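# have a look at this fold, sequence not included:
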Ligand code: SF4
């Protein structure tokens with residue numbers, strides 16, 4: 001088999017989705033689908049939720065070890081792989097050691113309640129065993145927007161869970177979705193999201209463009225007129241309000257889909273002025 005065919009043999013889908021900061025990280029598929037699967041805007045989690053067997057992972061790791069023998073970091077692929085129990089995760093880490101002994105760091109996607117469901121001791125243990133980074137879609141800091149979009153978490157739960165990660169020494173990379181409140185709640189969305197983010201310590205805030213997928217409830221709400229989709233310029237003005245209100249330190253802020261064609265990127269707070277300047281420039285075009 002060619003390298004390409006070997007890669008294809010270990011992933012369920014032709015395309016795998018890694019977060020921006022893990023694009024070069026080797027990935028082991030540990031689960032499929034999302035254990036929550038209820039967010040009204042999400043078209044991402046189409047598969048029925050399942051955790052793969054250790055036998056399958058053993059087989060896939062053997063192939064991955066042949067393809068990436070020098071890798072020191074591994075991404076556990078799955079919409080929210082961190083929903084797995086601590087012992088399950090530790091079993092996978094142990095299995096990885098057998099096949100890829102140089103791997104010392106692990107990263108994966110997580111929901112906030114996957115963190116809340118683990119004790120402080122469990123989080124510390126996972127951190128000691130190499131879990132370095134969680135990539136989390138927090139989406140909004142507004143409880144009413146989170147509830148309307150059926151995210152299944154509150155901003156208080158988000159803050160509490162992320163502060164627990166701080167104590168355990170696990171980094172977190174957050175995704176927010178400008179436009180998720182619609183035109184009516186744009187201001188609330190920006191202000192409340194900044195309020196929430198200012199209480200935690202993300203390594204990265206990534207703004208993900210809201211796309212209304214045809215098979216989602218949010219799409220139907222937009223068609224029925226109960227959700228007012230914003231234009232790219234309105235979304236950028238909302239993003240400006242978000243940045244204006246952020247006080248987080250040492251955090252890379254980025255949006256790669258500004259006005260559907262530009263990237264805005266800068267380290268907060270050091271480059272907040274430049275970020276606002278870039279947004280103002282794009283708004284003036
Ligand atoms: S938690 Fe994430 S993957 Fe799961 S349904 Fe919500 S947005 Fe989709």
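Nice, I can see it. Keep in mind the model is a prediction, meaning the values are calculated, not measured. Residues are numbered from 1 along each chain as shown.

# what pLDDT, on average, does stretch 110-121 get?
The average pLDDT within stretch 110-121 is 98.

# distance between it and the chain's centre?
On the basis of CA atoms, centre = their mean, to the nearest Å, stretch 110-121 sits 15 Å off its chain's mean C-alpha point.

# which positions within it qualify as buried?
Neighbour counts over stretch 110-121 (16 or more other CB atoms under 10 Å) mark 110-115, 118 as buried. Heads up, the C-betas are built off the backbone N, CA and C, glycines and all.

# go back to those and keep what's next to the ligand.
When CB under 6 Å from any ligand atom is applied, the members of the buried residues of stretch 110-121 adjacent to the ligand are residue 111.

# okay if I get the buried residues of stretch 110-121 as TSV plus secondary structure?
Shown next, in TSV, are the buried residues of stretch 110-121 (DSSP: H, G, I helix; E, B strand; the rest coil):
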residue	secondary structure
110	strand
111	coil
112	helix
113	helix
114	helix
115	helix
118	coil
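
# how close does residue 136 get to residue 173?
For residue 136, the distance to residue 173 equals 7 Å [CB to CB, to the nearest Å].

# of those two, which one has the most company?
residue 136 (25 against 21; other CB atoms under 10 Å).

# in the sheet, who's paired with the more buried one?
Per DSSP bridges, the residues bridged to residue 136 are residue 110, residue 174.

# one step back: show me which of the buried residues of stretch 110-121 is closest to the ligand.
Nearest to the ligand, judged by CB to the nearest ligand atom, of these is residue 111 at 5.1 Å.

# what are the ranges of the helices in the stretch 1-150 of the chain?
Listed in chain order, the helices of the stretch 1-150 of the chain (DSSP state H, counting those that start in this stretch) span residues 3-10, 54-67, 86-99, 112-116, 120-128, 143-148.
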